[in-house]
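Fold the stuff below for me.
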Amino acid sequence: MSLQIRQAVHILNQGGLIAYPTEAVYGLGCLAHFTDTIQQLLKLKKRSPKKGLILLASDLSQLNDYIKPLDNSTLAMIQATWPGAVTWLVPARTLISELIRGQSQSVAVRISAHPIVRELCQQCNTPLISTSANISGHHMTYSAFQVRLQFKNRLDYILNAPLGDDDKPSIIRDAISNKIIRN
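Okay, here's the model as predicted:
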């Protein structure tokens with residue numbers, strides 16, 4: 001495990017807010033059980049809490065506390081796209097925070113193919129809250145430098161590493177209807 005990963009994991013486990021590379025853009029994230037940090041993320045990004053956030057994981061078991069059990073055909077459809085850049089809206093467990101699911105009864109989840117995201121989730125043994133590392137309405141960020149320009153010193157850590165090979169953020173699909181929400 002690299003020094004940068006160790007530092008990011010330490011900060012995440014302390015309730016910190018970090019920026020990190022994903023498949024296509026830089027993401028902002030924290031651990032899902034730190035409600036105050038999620039609120040800080042939403043305020044910093046100027047994102048409406050009504051929209052919800054994505055949970056990134058390194059394997060399906062990390063999502064069990066957040067999603068309702070899925071039937072075998074739905075699960076097979078989802079797993080055929082993972083790990084990868086497809087985010088699925090799946091029925092959320094009843095007690096999941098509205099800060100994570102927004103006004104929806106679903107939660108957005110993805111098993112990332114990016115090795116750094118996977119390592120962060122494995123080392124923290126929990127999903128990572130994720131949203132693009134930009135102020136709402138501003139340009140996406142594709143480097144640690146661009147993240148620093150938008151957020152100055154308001155993040156606890158910026159993990160400087162290469163993005164994945166995708167050219168746009170993840171597709172978002174609804175697991176029940178199989179409709180594409182964002183392409």
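
what's across from the nearest residue to Ile181 once chain neighbours are set aside in the sheet?
Once flanking residues are discounted, Ile181 sits nearest to Ile172: 4.3 Å by Cβ to Cβ, 6 or more residues apart in numbering. To be clear about C-beta, it is placed using only N, CA and C from the backbone, and glycine gets the same treatment. In this structure, Ile172 bridges to Thr87, Arg182 when assessed by DSSP bridges.

Next, the distance between the ends of stretch 60-71.
With Cα to Cα, to the nearest Å as the measure, stretch 60-71 spans 14 Å from end to end.

residues in contact with it?
32, 55, 57, 78-79, 82, 90-93, 96, 100, 107, 109, 111, 121, 125-127, 175 (Cβ atoms under 8 Å, 6 or more residues apart in numbering).

again, only this time at 10 Å
For stretch 60-71, the surrounding residues in contact (Cβ atoms under 10 Å, 6 or more residues apart in numbering) are 32-33, 55-57, 75-79, 82, 88, 90-97, 100-101, 105-107, 109-111, 121-122, 124-128, 175-176.

What's opposite the residue nearest in space to the middle of the chain in the beta bridge?
The chain has Ser130 as the residue nearest its centroid, 2.3 Å off, counting by Cα atoms, centre = their mean. Using DSSP bridges, the bridge partners assigned to Ser130 are Ile54.

Correct me if wrong: it contacts Ala24.
No - with contact defined as Cβ atoms under 10 Å, Ser130 does not count as touching Ala24 (11.9 Å).

What are the buried residues along the helix or strand containing Ile100?
Secondary structure from DSSP states H and E places Ile100 in helix 98-101. Buried residues in helix 98-101, defined by neighbour count with 16 or more other Cβ atoms under 10 Å: Leu99, Ile100, Arg101.

what's the answer for stretch 132-152, then?
Across stretch 132-152, burial judged by 16+ other Cβ under 10 Å covers Ser132, Ala133, Asn134, Thr141, Ser143, Ala144, Gln146, Val147, Arg148, Gln150, Phe151.

same thing with stretch 90-105?
Buried residues in stretch 90-105, counted by 16+ other Cβ under 10 Å: Val90, Pro91, Ala92, Ile96, Ser97, Leu99, Ile100, Arg101, Gly102.
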